[in-house]
Every structure is written in C-alpha cells, then in structure tokens.
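Undergrad: Here is a sequence with its predicted model. Questions after.
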2 protein chains.
Amino acid sequence: MVTESRRETESRREREIRQRESQILDIARGQILTAGYLGLNMDRIAAEMEYSKGTIYQHFRNKEEILLALANDAQQQRIRMFQAAADSSGRPRERLCAIGAAAEAFLEQYPHFFMVEQLVRSVSIWEKTSPERRKLMRNCEQRCMAIVVSIVRDGISVGDLALPPEVTPEDVVFGCWSMNWGGMIIATTSDSLADIGIAHPGLALHHNMSALLDGYHWRPLSTEHDYAAHVQRVKQELFPALEPQAN
Amino acid sequence: MVTESRRETESRREREIRQRESQILDIARGQILTAGYLGLNMDRIAAEMEYSKGTIYQHFRNKEEILLALANDAQQQRIRMFQAAADSSGRPRERLCAIGAAAEAFLEQYPHFFMVEQLVRSVSIWEKTSPERRKLMRNCEQRCMAIVVSIVRDGISVGDLALPPEVTPEDVVFGCWSMNWGGMIIATTSDSLADIGIAHPGLALHHNMSALLDGYHWRPLSTEHDYAAHVQRVKQELFPALEPQAN
DNA sequence: TCAAAAATTGACGAAGCGTCAACAATAGAC
DNA sequence: GTCTATTGTTGACGCTTCGTCAATTTTTGA
C-alpha cells in the first residue's frame, strides 16, 4: 500500500516537472473551446488535473496569464504556418495567397486559438498580465508582420507590383490582415449570415481579397491567373486537414 | 419631514417611470467605457442610481441583457448614421464612401458602442440572452446590410459597376464590412501598430478601401476622383464631431 | 379608509478568484 | 541512515460579484 502510493506519487512528480505547464494550457484550451471565456475556471482546471489550485498559481500569476499564454501559443503556431506558406514556391502574389490559405487552415485546425486571440483583443486582459508576456506577444506580432511584408517587397522588386508613393508595403499587409481578420470574425460570430445574403463567407472572402490585390494592380491579376486553385493546392499540400471541411 | 420625504419619493417615481431603463444603460455604458467588460458591475450600477439591485433585475434579466441592449442601441445609432450617409447626394461609389465616413464617425463619437459590439461577438453573451432581444439584433443587422447593399445595386444599375457572375452585391458589402471592422479592431486593440510600420491606420484603411473598390472596377476609380476629400466633406457636414480629431 | 396589487429592498446563497499558513516531499550535509 | 533546510503542495479562507426572494413599502382603486 505504501509502496504503491509512493510509486504513484513519484511518477506523478516526474510527469509534472516536464508537462505541467502544457497540461494546464491543454485543459484551459478545452474549457475555452467548449464554454468560452466564462467557461475558463481555475478550480475546474485544478480538478481536471491531479493538482490543487495553489500549484496552478505557481505557474501562472492569474487567469489572464493563462489566456495570454494560449494566445502566444496561437501566434507561434500561426507564424509556423505563415512561414511555411511564405517559403512556398511561386510568384509573390501566389505566395501571398498561400498566406491566406495558411490563415484559413489556421482557423479550421485551431479554432480555439482564434477564439483566444479574439478574447485577448476585446476583454481587457492586457493590463492584468506581466510585461514579459506582453512583450513576447508584440514580438510575435512583429515577426508575423515581417513575413508578409517581405512578400509584398518581393512583389515590388520583381516588378509585379508598383505601389503609389503614399502607400507602403505595410499598408497593403494591413489591408489583407484587416479583411481576413474582420471577415473571419464576422463569419464565425454572426449566426445569420445566410439570412443576410452571404451563403459562402469563405468564398466571398476570396473574391474580396482578389479584388483588393487587383486594385493595387498586383500581377498577375486575378483575371489572368487561377488563384482559387492555388489556394486549394497550398492548403492540401502544406496544411492537410484531418478531415476535409466544407466552406 | 414627512411631506418632504413623500415629495422626493414621488418625484423620484416620476423620473423612474420614464427614465430608469435608459439611466441603467447610461451608467452601464460609462462603466464599460472606463473599465471594459469586467468593469460592468450590477452592484455598482445600483449604487450609482438611487435604486437597489433588485429593481435593476426587474428591467434586465441579467448582465448580458444589459450588454445586448447597449449593443442594440449601438446598432440603432449606426443605422441612423448609415441611412444619413446613404441618403447623401453623389454617385453610388461616393455614397458608399459616405458610409465609410459614417462608420468612422461612429467609432469616433461612440467608442463605447464599438466596444460593446466587440464584446457581444467574443464573449459568449449570446446564449444567455432572451430570444426577443436576439431577434431584434438580427433585424438591425439585416437593415444595416440592406442599406449598403442597395447602394451597390444602384452602382450596378447606373452602370458604374459590373460584377462578375460569381460575385453578388452582398459579397461586395461583406468585403467592405470585413475590412472596416477588421481594420478598426486592429487599430483600436493593437498597441504597437506604429512599431509594426503602420503610423496612420485610418489613412491605410482608406487606401485599402479604395483599392478594394478599384479592384471591382467601380467607376469612377480612385485615380479619377478624390474620394478622400469626399469623405472629409461628408464627415464634416453630416457627422460634425464635437472636437476635430486627428487620425 | 383600507385591502389587494405592485414595486422595492437588501440580506443571502452560490460560485469564482487569488492568498497563505500549514503540511509534505526532497535534497544535501554529516 | 538521520536530520535539517529548502522547495513544493494543499485546500480552507477572505473577498467579490451575480442573481434570488421573502419581507417591507408604496400605490392603486374600491
């Protein structure tokens, strides 16, 4: 009995030293996914682990830190996917479309990450968290931005894109980012899009993104090239989903 | 003493019957504006009014209902402003720009409304509220959509715009909506945009909106017409701000 | 004037966050 | 192997907030 108990305790300890932090985050992720921000509950995290609340607070100063840690994981994952897309072959505008495909795959494969990022932006979580973690977040945002901006620069340098003097590559990325982010938020949080007349938000987003880049005269124009097919190809090759998902 | 007390009570009663609901909302608005979602506190609302908590719960079933009521006010206000913009004179694309100006003015003049709408979308408030209020919200969304869609239809019918067969007017509106919403969220919730290279998000949004509509070949193109000036004019004439605000 | 109906109150239960004094396990010295 | 210092763990507790409800006050209208 004592031996049994001791062995169990030791094995638990081993596990904990390696995995506890990510275990906390896994559980938190699940809770947020099933019940949103208000479903995230410190006591329940403790209950779902084999640990008490106090121990959780040794890893994270408060609830918001957990949320920000999750958001950070989300950004890391997005950066990985964006980088893979940016490294794909093709002309710059094709690679930008690949980024779009990455963003789409990100939403489909990690919906909890998307939710968490939304939360961090709307509920005032920011000011309750530690400066270190905030800095980490900003850093990720900058890296993500840099990846996409460099594609726009490539477009300019190969002569596919010529921006007017008052528009910077960063502005273009801001446009893509805005449309993607806004479109995804609306698509995932408006329950009556179909009633409004938007049966296929994913498709509409593609059309609008094409129009945006066509508006900047980025060659080849969407009339000269089948970007939809490219997006499909990239998604299947770089970001294969577990199950194919209708849009 | 008794008379004094009775008179006060009666006057309070008069006020209450007319104003109580909007008084609750006013206070709630202020709390959200200063301290976000978590700053909204039923006990403090009660304290700031001359009433007790129980009375507030006679007007609103729960906290979320207050939030949704505020969101509803926001939408009503936005519809008013959108309608004014839609009724302005000019060619259809100019009127669409006027809608953009309205959205901008809305954000500047009613920041709390913007915050509330964001909250309703991200924190899972929806399922805790009454079906009636939810229906009201959907209705507003549809009306708002209809206003803008009719401008796009006007553009088509006067021959300024010719959409490809796979794109509907609703899709175009979805694009404008996405970009505006996404851009505004990013601009108001990213504290390090300047570090990222976006010094003037408002200006960038204009450029991107121009590119989007240019991409659909909506005449007159942004190269043929000064839409920025139009936006400025509309904002000043239709939506004069209390104090002129830098972007 | 008075009883029935309606409005108002705030104490209360429930639930959640974060703390901390007490307890347990481990490491290291001898 | 034993003992002490350090480090880790626990859950009861204080505090805050939501939403309820029995008791009380006010209003209505007969």
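TA: Ah, there it is.

Undergrad: List the buried residues in stretch A:46-64.
TA: Neighbour-count burial for stretch A:46-64 flags A:46, A:48-49, A:51, A:56, A:60, A:63-64 (criterion: 16 or more other C-beta atoms under 10 Å in any protein chain shown). Backbone N, C-alpha and C define where each C-beta goes, glycine included.

Undergrad: next one: stretch A:216-226
TA: Within stretch A:216-226, the residues that count as buried by 16+ other C-beta under 10 Å are A:216, A:218-219, A:222, A:225.

Undergrad: try stretch A:76-92
TA: A:78-79, A:81-82, A:84-86, A:88, A:91-92.

Undergrad: right, is it up against chain B?
TA: No: Stretch A:76-92 lies apart from chain B when judged by C-beta under 8 Å from any C-beta of the partner chain; the minimum separation is 14.2 Å.

Undergrad: same thing with stretch A:185-199?
TA: Yes: judged by C-beta under 8 Å from any C-beta, stretch A:185-199 comes into contact with chain B through A:185-186, A:189-192, A:195-198.

Undergrad: Now the terminal residues of that stretch, how far apart.
TA: Using C-alpha to C-alpha, to the nearest Å, the end-to-end distance of stretch A:185-199 comes to 16 Å.

Undergrad: Distance from it to the middle of the chain?
TA: 21 Å (C-alpha atoms, centre = their mean, to the nearest Å).

Undergrad: And it, what's buried?
TA: A:185-190, A:193, A:196-198.

Undergrad: Closest one to A:Gln232 out of the residues you listed, please.
TA: Taking C-beta to C-beta as the measure, A:Ala187 is the one of the buried residues of stretch A:185-199 closest to A:Gln232, at 18.4 Å.

Undergrad: Against A:Leu203, how distant is the closest one?
TA: With distances taken as C-beta to C-beta, to the nearest Å, A:Ala187 is found 11 Å from A:Leu203.

Undergrad: May I ask which helix or strand encompasses A:Gly182?
TA: Per DSSP states H and E, A:Gly182 falls inside helix A:169-189.

Undergrad: And the next helix or strand past that helix?
TA: helix A:193-196.

Undergrad: what helices or strands is that next one leaning on?
TA: On a contact count with 3 or more C-beta pairs under 8 Å, 6 or more residues apart in numbering or on different chains; DSSP states H and E, helix A:193-196 meets helix B:131-157.

Undergrad: Run through chain A and note the low-pLDDT ranges.
TA: Scanning chain A for pLDDT under 70 picks out A:1-18, A:242-247.

Undergrad: which residues in it form helices?
TA: A:2-39, A:42-48, A:53-59, A:63-86, A:92-109, A:111-122, A:131-157, A:169-189, A:193-196, A:201-215, A:227-238 (DSSP state H).

Undergrad: Just send these back as a markdown table, with distance to DNA strand D too.
TA: Shown next, in a markdown table, are the helices of chain A (distance: least, C-beta to the nearest atom of the strand, whole Å):
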| stretch | distance to DNA strand D |
| --- | --- |
| helix A:2-39 | 5 |
| helix A:42-48 | 8 |
| helix A:53-59 | 2 |
| helix A:63-86 | 13 |
| helix A:92-109 | 30 |
| helix A:111-122 | 17 |
| helix A:131-157 | 19 |
| helix A:169-189 | 21 |
| helix A:193-196 | 28 |
| helix A:201-215 | 31 |
| helix A:227-238 | 40 |
